[in-house]
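Enquirer: coordinates only, sequence not included:
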């Protein structure tokens, strides 16, 4: 994967204007940022550029203002938190393009940081309007994209600006691309993928792509019921997309053609009601699920079988929980397999890459997020990468 990084910029950037595309679309409550993960991820890039004397100009979208200015969606709301988190002075700039923004930038000092206004206050942002992109680009001498989570969108601030300025990957973007390349681009084999979640329909493209690329595909969550159904297993009143049985069969066929082994649970945890620690909960073989029972997690034997697969693999890609992990005790399969993968990673026998919102929450719940080789906080971009789709924001850096 060929792209330029901050290492390709001049060592001395004194007075140079660097537009940095970040993703500060973070949750807030009562005027405070409640999850600063994405802001913290951007700090190495921001600090490195500022320390080299650059004028660091931060571009980000924030919520969905639909092309018009809204005070409740202004990036000015982020400035106080950004100052505290970064430990640096940050200036708010009232637009992300045009003469007012240009004037504000013109009086900034080397090494200073400016938070530009919400890119989505302009209608042309989401349509990659060339005039808007050109106007944004005119504020900078260089463009750095550090927002992998927005890389699947061909917007003016992710793709358009890169067509007018020398473009580079920031440190967070660089780490993400290197990790993803190691996971599916040029991985050490054998490769295993763990895919969970509720529905096959939401991850059909992911499953289809992985079946052609990995050696072992471990399927859990509600979507496993659909694959079991396609194999003639009666899953009782479990979530099962009967209209997706043909698609599941097609994935079986694709896996067979690519010599990929699909692993489905043969032991499951069932209950007659979905509630914490229900009295009706029991563990059984998948062929013993009663008509009034629903599958809510993998059984211990199924987890051990999946663990044995990982022992013989060198690379792991993980997306989605294996059971209804938000409700105890149906978190056990996810927790146990995640801890096993983390232990193999710490031993140095497995490179583990995970991503997706539920996945990050599940790994945090298992207490192993920091023990995986890499955990992506990108949602849509990570899924589209797993689907094998081109990411416009990444392609712009290649060009």
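Expert: Okay, I see it. Note that the coordinates shown come from a computational prediction; the quantities given were computed from them, not determined experimentally.
Enquirer: can you pull out the strands in the stretch 51-200 of the chain?
Expert: With DSSP state E, counting those that start in this stretch as the criterion, the stretch 51-200 of the chain has strands at 55-59, 90-93, 113-116, 142-145, 167-169, 191-195.
Enquirer: any chance of those in JSON lines, plus mean pLDDT, distance to residue 355 and mean neighbour count?
Expert: (C-beta placed from N, C-alpha, C; glycine too.) JSON lines is the format used below for these (pLDDT from 0 to 100; distance: least, CB to CB, whole Å; neighbours: other CB atoms under 10 Å):
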{"stretch": "strand 55-59", "mean pLDDT": "98", "distance to residue 355": "23", "mean neighbour count": "28"}
{"stretch": "strand 90-93", "mean pLDDT": "98", "distance to residue 355": "29", "mean neighbour count": "20"}
{"stretch": "strand 113-116", "mean pLDDT": "98", "distance to residue 355": "27", "mean neighbour count": "24"}
{"stretch": "strand 142-145", "mean pLDDT": "98", "distance to residue 355": "18", "mean neighbour count": "27"}
{"stretch": "strand 167-169", "mean pLDDT": "97", "distance to residue 355": "17", "mean neighbour count": "25"}
{"stretch": "strand 191-195", "mean pLDDT": "96", "distance to residue 355": "12", "mean neighbour count": "26"}
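Enquirer: got the ones you listed as JSON lines, with distance to residue 245 columns?
Expert: Below are the strands of the stretch 51-200 of the chain laid out as JSON lines (distance: least, CB to CB, whole Å):
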{"stretch": "strand 55-59", "distance to residue 245": "45"}
{"stretch": "strand 90-93", "distance to residue 245": "54"}
{"stretch": "strand 113-116", "distance to residue 245": "50"}
{"stretch": "strand 142-145", "distance to residue 245": "41"}
{"stretch": "strand 167-169", "distance to residue 245": "42"}
{"stretch": "strand 191-195", "distance to residue 245": "18"}
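Enquirer: Quick check, residue 266 in contact with residue 284.
Expert: No - counting by CB atoms under 8 Å, residue 266 stays clear of residue 284, with 10.2 Å between them.
Enquirer: quick one, what contacts the nearest residue to residue 130 once chain neighbours are set aside?
Expert: Nearest non-adjacent residue to residue 130, counting by CB to CB, 6 or more residues apart in numbering: residue 160, 6.4 Å away. For residue 160, the contacting residues are 128, 129, 130, 132, 133, 134, 136, 137, by CB atoms under 8 Å, 6 or more residues apart in numbering.
Enquirer: got a pLDDT number for the residue lying closest to the fifth one once chain neighbours are set aside?
Expert: Spelled out, that is residue 133. Nearest non-adjacent residue to residue 133, counting by CB to CB, 6+ apart: residue 160, 2.6 Å away. Per-residue confidence at residue 160 stands at 97 (pLDDT).
Enquirer: Tell me how far residue 160 lies from residue 45.
Expert: The gap separating residue 160 from residue 45 is 20 Å, by CB to CB, to the nearest Å.
Enquirer: List only buried entries from the contacts of residue 160.
Expert: Among the contacts of residue 160, those scoring as buried are 128, 129, 132, 133, 136, 137 (criterion: 16 or more other CB atoms under 10 Å).
Enquirer: Can you tell me which of those residues is nearest residue 41?
Expert: Closest approach between those and residue 41, by CB to CB: residue 136, at 22.1 Å.
Enquirer: List the contacts of that closest one.
Expert: Residue 136 makes contact with 19, 59, 96, 97, 119, 156, 157, 160, 161 under the criterion CB under 8 Å, 6+ apart.
Enquirer: Just to check, the last one is in contact with residue 138?
Expert: Pointing back at residue 161 there. No - distance between residue 161 and residue 138: 9.7 Å, which falls outside the contact criterion (CB under 8 Å).
Enquirer: Let's have the contacts of residue 160 in a markdown table, adding distance to residue 179.
Expert: A markdown table is the format used below for the contacts of residue 160 (distance: CB to CB, whole Å):
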| residue | distance to residue 179 |
| --- | --- |
| 128 | 27 |
| 129 | 32 |
| 130 | 32 |
| 132 | 32 |
| 133 | 29 |
| 134 | 33 |
| 136 | 29 |
| 137 | 29 |
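Enquirer: quick one: average pLDDT of whatever helix or strand residue 251 lives in?
Expert: Residue 251 is part of helix 245-257, with elements assigned from DSSP states H and E. Averaging pLDDT along helix 245-257 yields 95.
Enquirer: ok, which stretches of the chain are helices?
Expert: In the chain, the segments counted as helices under DSSP state H are 37-51, 79-86, 98-106, 130-137, 171-180, 204-211, 222-230, 245-257, 300-311, 332-347, 357-366, 380-386, 392-398.
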